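Chemist: got a predicted model here, sequence first, then my questions.
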Amino acid sequence: MNRDASRERGKNSGAAMKFVILMGVVSLFADMTHEGARSVTGPFMALLGATGTIVGIVAGFGELAGYVLRLPAGYISDRTRGYWTITILGYVINMLAVPLLALAGRWEIAALFIVAERIGKGIRNPVRDAMLSHATQEVGRGWGFGLHEAMDQIGAMIGPLIVAAVLYFKGTYQTGFAILLIPAILTLGVLLTARVLYPQPRDLESTAPEFETKGLPRLYWFYLAAMALNAAGYADFPLIAYHFQKTSTVSADWVPVFYAVAMGVDAVAALIFGRMFDRKGLSILIISVLISSFFAPLVFLGGFSVSLAGMVLWGVGMGAQESIMRAAIAGMVSIDKRGTAYGFFNTGYGVFWFVGSALMGFFYDFSVPSLIAFSVLTQLVSVPLLFFIKRKQRTF
């Protein structure tokens, strides 16, 4: 490589890293906003007169709507190339729905804003991941997505702490939602700045790899199947928290601390696994699945300390899923189909997580060992599939 080419490569790499950091700042403020709100929407709905069933239905419907919309959002972005337009639309809905909760005087209105917040997130996520994939080719797929996830999780820790501080100082839920208007505005401000500085994120990917041009490659569907199995066996935190409270393994005061610990581990794991993924490839994802697949027996059978160790493994799995799992897709799909690929992936992953969570909730009511067996085995079944994909990648 001559000196001019080397200088040009360094310039592209610097621009790509700045884009990843800029979008990481967007996610940090965005997570601060919506995770801050989500930490108290259940009690807020109850305060407005909603029953537990209504709270569950609203939360579940919001998640389902958000995941279903990821597919058309990704497809439309590929067809129209309107990546920024769709991303900004999603963030505007996602961010403005949170402070508007402060004006909700009835649970029906609050439910509307809670669902809108999830819909906004569903619209923006696959398109944002597609744009990030262009930048990560220059800085390393794993490192780029890992850095983004780490910044995302820092916001996810700060947001609930802000709301907790408001409540500690005798503020109301409405005050907490109103204060979250500040990070919401910062989110949109940084996002618009990124739009101005990087009107064509696609240009950050200098050499696009060649893949099958008709539809998505077969290897991608095997990968989606493997990750869907992994998602199905991953217990959602509300079920874990429910177990802690029901068995008194962890006191109510410590439950959010356990969650914060898991989020912190998530951020660190995303950085470490992301960097290792760029050197070792899919092997790192297999290792992360093997490590995290044993969180369930520790969390559901252990005492205080063992349960905390289980939450650490749970955080390791979350960090890997949110970084290298997304990074691997960019290496399988052509540049023109990234939005569609991330849309299909997010939708499939979310639906299987939803179905798995529902099944584990059912198992929990009559047999905790059945829940643990389902969780561990479902995740481990994904490992042979990942080995198969890894072997096939070598032949390309």
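Modeler: Right, received. Where do you want to start?

Chemist: and Val268, how many neighbours?
Modeler: 15 (other C-beta atoms under 10 Å). Backbone N, C-alpha and C define where each C-beta goes, glycine included.

Chemist: which SS class is it?
Modeler: Here Val268 is helix, with the state taken from DSSP: H, G, I helix; E, B strand; the rest coil.

Chemist: before we move on, what about Gly171?
Modeler: Strictly by three-state DSSP, Gly171 counts as coil.

Chemist: just the pLDDT at it, thanks.
Modeler: You'll see Gly171 listed with a pLDDT of 87.

Chemist: distance from whichever helix or strand Pro183 is part of to the middle of the chain?
Modeler: Element membership of Pro183, judged by DSSP states H and E, is helix 181-197. Per C-alpha atoms, centre = their mean, to the nearest Å, the displacement of helix 181-197 from the mean C-alpha position of its chain is 20 Å.

Chemist: going forward, count from 42.
Modeler: Shifting the count to begin at 42 puts that one at helix 222-238.

Chemist: after it, which helix or strand is next? Please name it.
Modeler: In the C-terminal direction, the helix or strand that comes right after helix 222-238 (DSSP H and E) is helix 259-273.

Chemist: what does that next one rub up against?
Modeler: 253, 330, 362, 366, 369-370, 373-374, 382, 385-386, 389-394, 396-397, 400, 419-420, 422-423, 426-427, 429-430, 433-434 (C-beta atoms under 8 Å, 6 or more residues apart in numbering).

Chemist: what's the mean pLDDT across that helix?
Modeler: Mean pLDDT, computed over helix 259-273, is 90.

Chemist: what residues sit buried inside it?
Modeler: Neighbour counts over helix 259-273 (16 or more other C-beta atoms under 10 Å) mark 260-261, 263-273 as buried.

Chemist: and of these, the nearest to Pro84?
Modeler: Pro84 has its nearest neighbour among the buried residues of helix 259-273 in Ala272, at 27.5 Å by C-beta to C-beta.

Chemist: not counting sequence-adjacent ones, nearest residue to the closest one?
Modeler: Trp394 (4.1 Å; C-beta to C-beta, 6 or more residues apart in numbering).

Chemist: from the centroid of this protein, which residue is nearest?
Modeler: When C-alpha atoms, centre = their mean is applied to the chain, the residue found nearest the centroid is Glu363 (5.3 Å).

Chemist: my guess is that one meets Glu190, correct?
Modeler: Yes: with contact defined as C-beta atoms under 8 Å, Glu363 and Glu190 form a contacting pair (4.3 Å).

Chemist: quick check: neighbours shared by the two?
Modeler: Joint contacts of Glu363 and Glu190 (C-beta under 8 Å, 6+ apart) are 307, 311.

Chemist: ok, longest helix in the protein?
Modeler: Scanning the chain for the helix with the most residues, using DSSP state H, yields helix 44-79.

Chemist: for it, which positions count as buried?
Modeler: 53-54, 56-79.

Chemist: coming back round to it: quick check: next helix or strand after whichever strand or helix holds the residue nearest to Ala272?
Modeler: Element membership for Trp394 (DSSP H and E) is helix 379-407. Next helix or strand after helix 379-407 toward the C-terminus (DSSP H and E): helix 409-435.

Chemist: read off the pLDDT value for Arg48.
Modeler: Value for Arg48, per-residue pLDDT: 61.

Chemist: related to what we said a few turns ago, among the contacts of helix 259-273, the buried ones, what's the PyMOL command?
Modeler: Written as a PyMOL command, the selection of buried residues from the contacts of helix 259-273, which uses 16+ other C-beta under 10 Å, is:
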select buried, resi 330+362+366+369+370+373+374+382+385+386+389+390+391+392+393+394+397+400+419+420+422+423+426+427+430
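
Chemist: of the buried residues of helix 259-273, which is the nearest to Leu227?
Modeler: Nearest member of the buried residues of helix 259-273 to Leu227, counting by C-beta to C-beta, is Ala272, at 31.0 Å.
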